[in-house]
Every structure is written in structure tokens, then in C-alpha cells.
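In: Need coordinates for the below:
(one chain, ligands or ions: 1)
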Amino acid sequence: MKIGIIGYGYWGTNLVRNFSVQDGCQLAVVADSRTERLDIIKKNYPSVRTTTNADDVFNDTTIDAVVIATPVFTHFELAKKALEHDKHVLVEKPITSSSAEAQTLIDLSVKKNKVLMVDHTFLYTGAVQKMKQLVDSGDIGKVNYFDSTRINLGLFQQDVNVLWDLAPHDISILTYLINEKPVSINATGISHTKNEIENIAYMTVNFQSDLVAHFNCSWSSPVKIRMTLVGGDKKMIVFNDMEPTEKVKVYDTGYSVKTMEEKQRLLIDYRAGDIFIPKLQTSEALSLMAKDFISAITKGTKPVSDCYLGLEVVKILEGAQKSIKQKGKEILL
Ligand SMILES: NC(=O)c1ccc[n+]([C@@H]2O[C@H](COP(=O)([O-])OP(=O)(O)OC[C@H]3O[C@@H](n4cnc5c(N)ncnc54)[C@H](O)[C@@H]3O)[C@@H](O)[C@H]2O)c1
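Out: Here you go, the predicted structure:
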């Protein structure tokens, strides 16, 4: 199977490195509109063809699959063209800039019978795989809340706000871990620059049940925090991605509530037990993601990070954007 990669910028570099060594595929061509980027490919991967024109990749009938690692606003047109030329497609996160575009790509991939997958890399990390096991096995009980903080002194983007930049990671983790679909969103955000692109945003995702998910994203924090809490009614998970090794800790912590009916008072019994640090798989997430794409094409397996999950992520981002522009109004999904 021959693969072409479009976009050899920051993230494309990691994709080229991973796809160039995968079994079951040959990285045949890399396209980037900047010739200086292609010079690096020529030097480091002499057997890989290069082109400044993505159409060369689409028109090459020997190419079976295309990986798209260009800026978000270009994803839709490039992925659509690739599918129209009968290629399997892996597109960087978020899949598109709107849910309508994502749905169009999904319909086209079904019609063409081609794999359409999104690179939500976090889903392939040892930490998130372990969290999925802990949730699915019932070890932590019924999930009551999901709370994520992704803040640092970040690079202010010119085209997307802080939620579109940072939250796709956390929303993909939420969507992967929780089988229930969200019903509505409230979000607020603020821009401290003249371009009205929010650099701080807070989003709450509401569900039919009493589960709640909250996201705090910022490019304006003096400290870097990458922390997700998943609170079950039996145990609670803390995923601290800044920890070099012990990223996931499971707290045997909880509480039980009794109501004194005559006085309508709550009696809370607290429990603080052991803390367990599970062993995590250490393979590079991006390599596992590349394997998942190849397997979906060659064996017909269902990818972890499929296009339907990609669509859910964009729906939530879109809802949040609407809510921010209406000062936090609840937006039904
Ligand atoms: N999965 C992750 O964890 C992760 C991390 C970072 C970025 N990303 C995603 O990767 C994508 C790219 O981000 P980046 O930070 O690498 O951007 P970047 O600007 O560093 O690289 C994009 C590259 O695409 C090239 N390009 C743009 N339009 C093109 C076209 N039509 N044809 C050929 N080349 C074109 C540019 O010249 C540039 O080299 C984005 O969608 C981003 O969200 C994902």
C-alpha cells in the first residue's frame, strides 16, 4: 500500500517519521507548498518523492491512502479531493472547521467505501487506554464528572480560538471514554487581543444523566497544566500529563450520601483509601495511530479514532463557539 502525506510542517514531521517505518505501507510521496520543507525530505528520505502541488498526490493512481497535516481550514477541501480520487484518508484533528463539512466527508467516504479517520493522537496513549479500561470495566463505578485543564503560556493562533486549538484533545478523550451523548453546551471565553479570537475559554458539556464535563483552556497561564479528572462513584482517576512516568493515578476515594428526611439535611460519609498507580503501555501513540489506519485499510478493522468520533468533537466545538458568542447561553446539540 502506498501513502502520500500532504503538509510537512510541525506535525507532518512526526507523521512522516512514523509512516516511513510502518510495516504494510510505503511512504511514496510528500507534498508541501514550501520548497524549503521538501528539501528536508529530499535529504532525510531520498527514496520519497516530493511535490509542491497536492493535486499530484490525488492524480497519482498508485497512491492508495493520503494523510493530511495542513492547517484546519484546508482539511475539508483536501480530504474531499482525496476521497473523490478514491484514496483512503487520514486527516489531522480537528477533522474540519464545521460539522456540516465533516458530515459531507463521512457521506463521501461511505459512498466511496474508503476509510476516513482522524488523528486524535491522545486516544492511543497508554494513559487514555488505561483510563478507558478503568471506565469500561466498571472499576471506578458510574462516572459523575470529567474535568480537564489544558493551560499554559501558549502560542496565540491567528485563525482559531483557544478551544479549537487545545480542546480537541480533551473532547476526544471525553467522547472516547463516555458512551453517553451530550445534550447541550455552555461556554464563555474572552479575547485579550484586538482580533476577537478568544485566548481563554471555559466550556461545560451537559448530559441527560447527572454526568457533567468541564474544560478550561488558556494560552495565558504562567504555568503549564495538563490535568484531567474522571470522577466515578467508586473511584476517581487523575491523569496528569506533565508527570514523566506516573501519569495516571487511581484514588480509592469517594463519599456516600444519606438524607435525613425529617430535616432534609445531608449526611455525607467520606472515604479516602489507597492510591493505585497503574503500569502504562509506553509505545509511541502516533505509531499506534498509524498502525490503526493501516489496519483499517488492509483488514477492515474499526479505527479507535474514526470519523464519527471526529464529527462529535467538531459538533461540541461548534456548540461552544455559538455559546461564547451569546455570552454563555445554553446551546442544544
Ligand atoms: N494530533 C496532534 O496532536 C497535533 C499536534 C499539532 C498539530 N496538529 C494538527 O496538524 C495540522 C497541521 O498543524 P501544524 O502545526 O503542523 O501546522 P504547520 O503550519 O506547522 O504545517 C502545515 C504545513 O502544511 C503546508 N501546507 C498548507 N497548505 C498546503 C497545501 N494546500 N498543500 C500542500 N501543503 C500545504 C504548509 O506549508 C506547512 O508546511 C493541524 O490540523 C493541527 O491541528 C495535530
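
In: check contacts around the residue nearest to residue 185 when sequence neighbours are not counted.
Out: Using Cβ to Cβ, 6 or more residues apart in numbering and skipping the chain neighbours, the partner closest in space to residue 185 is residue 319 (4.0 Å). Heads up, the C-betas are built off the backbone N, CA and C, glycines and all. Counting by Cβ atoms under 8 Å, 6 or more residues apart in numbering, residue 319 touches 184-185, 187, 331, 333.

In: which SS class is residue 319?
Out: helix (DSSP: H, G, I helix; E, B strand; the rest coil).

In: if we can go back for a sec, narrow the contacts of residue 319 to just the buried residues.
Out: When neighbours are counted using 16 or more other Cβ atoms under 10 Å, these contain these buried positions: 184-185, 187, 331.

In: which residues does whichever residue of the chain sits closest to the ligand contact?
Out: Proximity of the chain to the ligand (Cβ to the nearest ligand atom) peaks at residue 9, 1.8 Å away. Applying Cβ under 8 Å, 6+ apart to residue 9 gives the contacts 32, 37, 69-70.

In: is it fair to say residue 95 lies in a helix?
Out: No. Counting by three-state DSSP, one finds residue 95 to be coil, located in no helix.

In: give me the element the residue lying closest to it once chain neighbours are set aside is part of.
Out: Counting by Cβ to Cβ, 6+ apart, residue 95 lies nearest to residue 310, which is 3.7 Å off, once chain neighbours are set aside. Here residue 310, judged by DSSP states H and E, is contained in helix 307-325.

In: Follow the chain on from that helix and name the next helix or strand.
Out: Per DSSP H and E, the first helix or strand lying C-terminal to helix 307-325 is strand 331-332.

In: How about the residues of the stretch 101-250 of the chain by the ligand?
Out: With the criterion set to Cβ under 6 Å from any ligand atom, the stretch 101-250 of the chain comes near the ligand through 119, 121.

In: Show me what counts as buried in stretch 324-333.
Out: 324, 328, 331.

In: beta partners of the last one?
Out: In other words, residue 331. Counting by DSSP bridges, residue 331 forms beta bridges with residue 185.

In: Show the model's pLDDT score for it.
Out: Looking at residue 331, its pLDDT stands at 98.

In: In contact with residue 315, which residues are there?
Out: Contacts of residue 315 (Cβ under 8 Å, 6+ apart): 99, 333.

In: Report the two of the contacts of residue 319 separated the most.
Out: Pairwise distances across the contacts of residue 319 (Cβ to Cβ) peak at 12.4 Å, for the pair 187 and 333.

In: Would you mind writing the CA trace of stretch 8-20 as CSV?
Out: Provided in CSV are the C-alpha atoms of stretch 8-20 (Å, rounded to 0.1, in the frame of the first residue of the first chain):
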residue,chain,number,x,y,z
TYR,A,8,5.3,18.7,6.2
GLY,A,9,5.2,21.3,8.9
TYR,A,10,5.4,20.8,12.7
TRP,A,11,3.1,17.8,13.0
GLY,A,12,3.7,16.4,9.5
THR,A,13,7.3,15.8,10.6
ASN,A,14,6.1,13.4,13.2
LEU,A,15,3.7,11.7,10.7
VAL,A,16,6.4,11.3,8.1
ARG,A,17,8.8,9.8,10.7
ASN,A,18,6.1,7.3,11.8
PHE,A,19,4.7,6.3,8.4
SER,A,20,8.2,5.9,6.9
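
In: Now it: average pLDDT?
Out: For stretch 8-20, mean pLDDT is 98.

In: centre of the chain versus it, how much separation?
Out: Distance of stretch 8-20 from the chain centroid (Cα atoms, centre = their mean, to the nearest Å) equals 17 Å.

In: that older thread, so what's the residue nearest to residue 95 up against?
Out: 91, 93-95, 102, 117-118, 120.

In: For it, give its distance to residue 176.
Out: Distance check for residue 310 against residue 176: by Cβ to Cβ, to the nearest Å, it reads 11 Å.

In: Same check on residue 154?
Out: Distance of residue 154 to residue 176, computed by Cβ to Cβ: 24 Å.
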